[in-house]
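Visitor: Got a sequence here, can you build the structure:
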Amino acid sequence: MGGSVRTQTLTALLCLGLCRGPWDQVQAGYLPKPSIRADPSPNVTSGTRVTIWCQASLQADVYYLYKEGVSEPTSIEISQDSSNKASFSLGFMSPHNAGRYQCQYHSRNGWSQRSDLLPLVVTGVYSPPSLSAIPGPVVASGGNVSLSCSSQHPWQTFHLLKEGGADAPRPLELKFPREKRQALFPVGPVSISHGGTYRCYVSPASYPYVWSLPSDPLHLQVTGAYREPTLSAQPGSLVQAGDNLTLQCHSEAGFDTFALMKDEGLTPPVRLDGQPSPNFPLSLVSITHGGRYRCYGGHNLSSTWSAPSVPLDIFITGLYRKPSLSAQPGPSVSWGENVTLQCRSEIWLDTFYLSKEGSPAPPQHIRLQDTTAPYQVNFNMSPVTSDHEGTYRCYASSSTSPYLLSHPSDPLELLVSGGSEDAPVTPWRGPNRYLYVLIGAAGAFVLLLCLLVVLLVRRQCQGKGRKPAAATIPAPEDEGLRGSSGPAATAAQDENLYAVMKDTQAEEDRQLASQAVVSENSQDGTYAQINSLVSEDPQDVTYAQLNCLTLRRVTSGPASSQAEPPAEPSVYASLAIR
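Guide: Next up, the predicted model:
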């Protein structure tokens with residue numbers, strides 16, 4: 001009796017230990033958690049077959065699949081060859097299968113942790129919403145855009161998904177306490193990773209994993225990822241209605257796709273449709289082709305584009321009567337003068353354009369402020385250079401249709417004479433010319449002052465550099481010469497003496513004939529320098545310059561080499577040579 005009881009108790013304990021499921025194991029979380037994924041996607045339309053894969057980092061014997069809100073496993077898979085993964089087929093997807101799932105495995109080492117939650121969404125149950133971009137699906141890098149998801153019926157939950165590429169902007173899901181018909185998903189600052197295709201869905205609050213059909217795809221294109229190309233028109237931006245025109249998008253960035261956009265007022269471009277050729281032919285242009293164009297460069301299979309080119313305006317001509325063009329004071333002007341080109345219309349048109357033949361620059365334009373007659377504007381050119389020379393035409397248009405112009409005026413050829421392209425004409429005209437005159441006068445004064453200083457220093461150096469030579473002249477003979485002259489001779493000698501003192505240049509040119517020493521002793525002496533000019537005229541007078549220099553004996557030692565002798569007076573005397 002007792003043995004039977006013990007046997008039943010042991011059997012019950014063994015059964016209790018063996019029959020406990022993995023969700024009741026205390027050892028749960030001992031091994032690393034597995035990964036979980038859905039094939040073909042965690043978001044599938046109703047009726048699609050779905051398989052959930054559970055993969056462990058180690059070989060496992062048994063795999064378990066759980067659905068959120070259910071305590072027991074939804075499915076159990078036993079591995080036949082101790083594989084490290086297992087698949088769970090859910091069959092055809094329906095709202096009943098929608099929800100969040102986890103998986104877990106068991107091996108000889110124990111139980112693993114549960115995997116992360118996998119949301120499994122079934123779509124296509126409700127009518128689709130609509131998705132749009134505000135202000136538009138083409139946005140510059142660094143800008144901001146809002147993706148608007150709207151529905152005809154109110155909902156509490158809106159979802160935004162991005163196909164491939166970078167993650168969609170956060171949050172991907174917007175929930176409201178009350179049902180709404182629209183939700184805005186802000187995106188920005190936009191980067192190249194935000195480019196791609198987006199869709200939005202709606203769902204009721206009670207079934208968050210049962211979604212509507214997807215909205216139409218919205219392609220968000222990001223510009224500014226590369227350097228902008230250049231846009232040009234052949235044969236030109238002014239084209240007659242009915243002619244052919246080709247817009248060319250040039251770039252050195254190696255783009256393999258190009259897009260051309262026409263500005264439509266304040267509305268941003270809806271989509272950039274690329275083509276492999278950079279040429280965009282516009283055959284048989286009409287008034288609808290007039291407007292402002294930009295081009296972009298990009299690469300295939302990419303949602304990023306270059307920055308837009310500089311805008312190019314295309315004008316359609318030939319819609320109104322031609323205006324007249326004249327030059328004031330005339331079509332022939334001199335270099336640096338002023339000229340005015342006057343464009344006049346006989347009918348009411350308030351915008352005028354001036355174009356130069358062969359110039360790549362866009363035409364100049366002026367809009368009338370006064371709409372009363374006469375209907376004319378003046379294009380001023382000041383000062384005129386050789387760049388202004390050429391053939392001009394003017395057009396007229398209405399400000400309400402600025403790209404639809406009249407017939408061109410008769411050509412006017414502007415001729416510029418004189419001057420040179422290298423001549424700096426402009427600085428010497430206008431109010432600044434007085435400033436240039438003052439600067440020139442000041443510069444000349446400074447230059448003259450420097451020249452005078454140099455000449456003065458040179459004369460002083462020349463005077464110090466001449467060393468008088470000594471020549472001995474007997475004193476009695478000198479007195480005799482003075483005594484034999486007489487009063488008349490003395491007066492003549494005085495006049496000659498003054499003349500010599502005034503004419504210093506003549507003195508420097510005279511040749512040194514002889515030198516005589518008047519007297520010399522140990523303490524002081526007097527030197528005489530006699531300059532004699534050889535002349536055929538016997539009445540010529542010979543002058544002597546006497547430099548009296550007092551010599552002092554320095555008993556303490558030789559004088560410094562840097563000391564300069566003091567200036568001594570010079571005495572001139574005229575000597576008669578017989």
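
Visitor: Counting residues, which helix of this protein comes out longest?
Guide: helix 433-465 (DSSP state H).

Visitor: same question for that helix, mean pLDDT?
Guide: Throughout helix 433-465, pLDDT has a mean value of 79.

Visitor: buried sites along that helix?
Guide: For helix 433-465, burial by neighbour count (16 or more other C-beta atoms under 10 Å) applies to no residue. All C-beta spots, glycine's among them, are computed from the backbone N, C-alpha and C.

Visitor: Cross-check the contact I'm expecting between residue 86 and residue 80.
Guide: No: counting by C-beta atoms under 8 Å, residue 86 does not reach residue 80; the two are 10.2 Å apart.

Visitor: These two: which is more packed in?
Guide: Neighbours were counted for residue 86 and for residue 80 using other C-beta atoms under 10 Å; residue 86 has more, 23 against 7.

Visitor: quick one: contacts for the more buried one?
Guide: 53, 54, 60, 63, 77, 79, 103, 105 (C-beta atoms under 8 Å, 6 or more residues apart in numbering).

Visitor: What of residue 174?
Guide: So residue 174 contacts 157, 158, 183, 185 (C-beta under 8 Å, 6+ apart).

Visitor: cool, residue 367 as well?
Guide: 350, 351, 352, 399.

Visitor: Mind giving me the ChimeraX select for these, buried ones only?
Guide: Command for ChimeraX, covering only those of the contacts of residue 367 found buried under the criterion 16+ other C-beta under 10 Å:
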select :350,351,352
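
Visitor: What backbone torsions are found at residue 312?
Guide: Here is the backbone geometry of residue 312 (degrees, to the nearest 10): phi -120, psi 120.

Visitor: thinking again about what came up before, and the furthest pair within the contacts of residue 367?
Guide: For these, the maximum inter-member distance is 10.7 Å, found between 352 and 399 (C-beta to C-beta).

Visitor: rewinding a little: turn the contacts of residue 174 into a markdown table, columns for pLDDT.
Guide: Shown next, in a markdown table, are these (pLDDT from 0 to 100):
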| residue | pLDDT |
| --- | --- |
| 157 | 92 |
| 158 | 94 |
| 183 | 93 |
| 185 | 94 |
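
Visitor: now residue 104: how far from residue 446?
Guide: 98 Å (C-beta to C-beta, to the nearest Å).

Visitor: Could you do residue 215 as well?
Guide: 82 Å.

Visitor: and if you look at residue 327?
Guide: 46 Å.

Visitor: returning to what we had before: let's see which of the contacts of residue 86 end up in helices.
Guide: Reading helices off the contacts of residue 86, I find no matches (DSSP H).

Visitor: Can you lay out those residues as a markdown table showing pLDDT, neighbour count and distance to residue 414?
Guide: Shown next, in a markdown table, are the contacts of residue 86 (pLDDT from 0 to 100; neighbours: other C-beta atoms under 10 Å; distance: C-beta to C-beta, whole Å):
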| residue | pLDDT | neighbour count | distance to residue 414 |
| --- | --- | --- | --- |
| 53 | 95 | 17 | 81 |
| 54 | 95 | 27 | 85 |
| 60 | 87 | 28 | 92 |
| 63 | 94 | 28 | 90 |
| 77 | 90 | 20 | 91 |
| 79 | 79 | 18 | 93 |
| 103 | 96 | 30 | 86 |
| 105 | 93 | 30 | 90 |
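
Visitor: tell me which of the residues you listed is nearest to residue 235?
Guide: Of all those, residue 53 has the smallest distance to residue 235: 63.8 Å, by C-beta to C-beta.

Visitor: For that closest one, name its beta-bridge partners.
Guide: When bridges are called by DSSP bridges, residue 53 pairs up with residue 37, residue 87.

Visitor: thought it was touching residue 34?
Guide: No: applying C-beta under 8 Å, one finds residue 53 not in contact with residue 34, separated by 9.4 Å.

Visitor: so where do the strands sit in the stretch 251-400 of the chain?
Guide: 257-262, 279-282, 291-298, 304-306, 312-317, 324-328, 332-334, 339-345, 351-356, 364-367, 375-381, 390-397 (DSSP state E, counting those that start in this stretch).

Visitor: Nearest to residue 111, out of those?
Guide: Among the strands of the stretch 251-400 of the chain, strand 304-306 sits nearest to residue 111 (C-beta to C-beta), with 48.0 Å.

Visitor: That closest one packs against which elements?
Guide: Using 3 or more C-beta pairs under 8 Å, 6 or more residues apart in numbering; DSSP states H and E, the elements in contact with strand 304-306 are strand 218-226, strand 291-298.

Visitor: looking at those strands, which is buried most?
Guide: strand 291-298 (a mean of 23; mean count of other C-beta atoms under 10 Å).

Visitor: quick one, that strand and strand 257-262 angle?
Guide: When axes from the mean of the first three to the mean of the last three C-alpha atoms, to 10 degrees is applied, the directions of strand 291-298 and strand 257-262 differ by 160 degrees.

Visitor: average pLDDT across strand 291-298?
Guide: The predicted model assigns strand 291-298 a mean pLDDT of 95.

Visitor: One more: stretch 249-258?
Guide: Stretch 249-258 comes out at a mean pLDDT of 91.

Visitor: List the buried residues in it.
Guide: 249, 251, 255, 257, 258.

Visitor: from these, which is closest to residue 293?
Guide: residue 249 (9.6 Å).

Visitor: and that closest one, which of the three is it?
Guide: strand (DSSP: H, G, I helix; E, B strand; the rest coil).

Visitor: beta partners for it?
Guide: Here residue 249, judged by DSSP bridges, has bridge partners residue 231.

Visitor: my read: it touches residue 293, true?
Guide: No: in this structure, residue 249 is not within contact of residue 293 by C-beta under 8 Å, at 9.6 Å.

Visitor: Neighbouring strands of the longest strand seen in the chain in the sheet, and parallel or not?
Guide: If you go by DSSP state E, the chain has its longest strand at strand 145-163. Applying DSSP bridges to the sheet, strand 145-163 is found paired with strand 130-134 (antiparallel), strand 173-187 (antiparallel), strand 196-203 (antiparallel).
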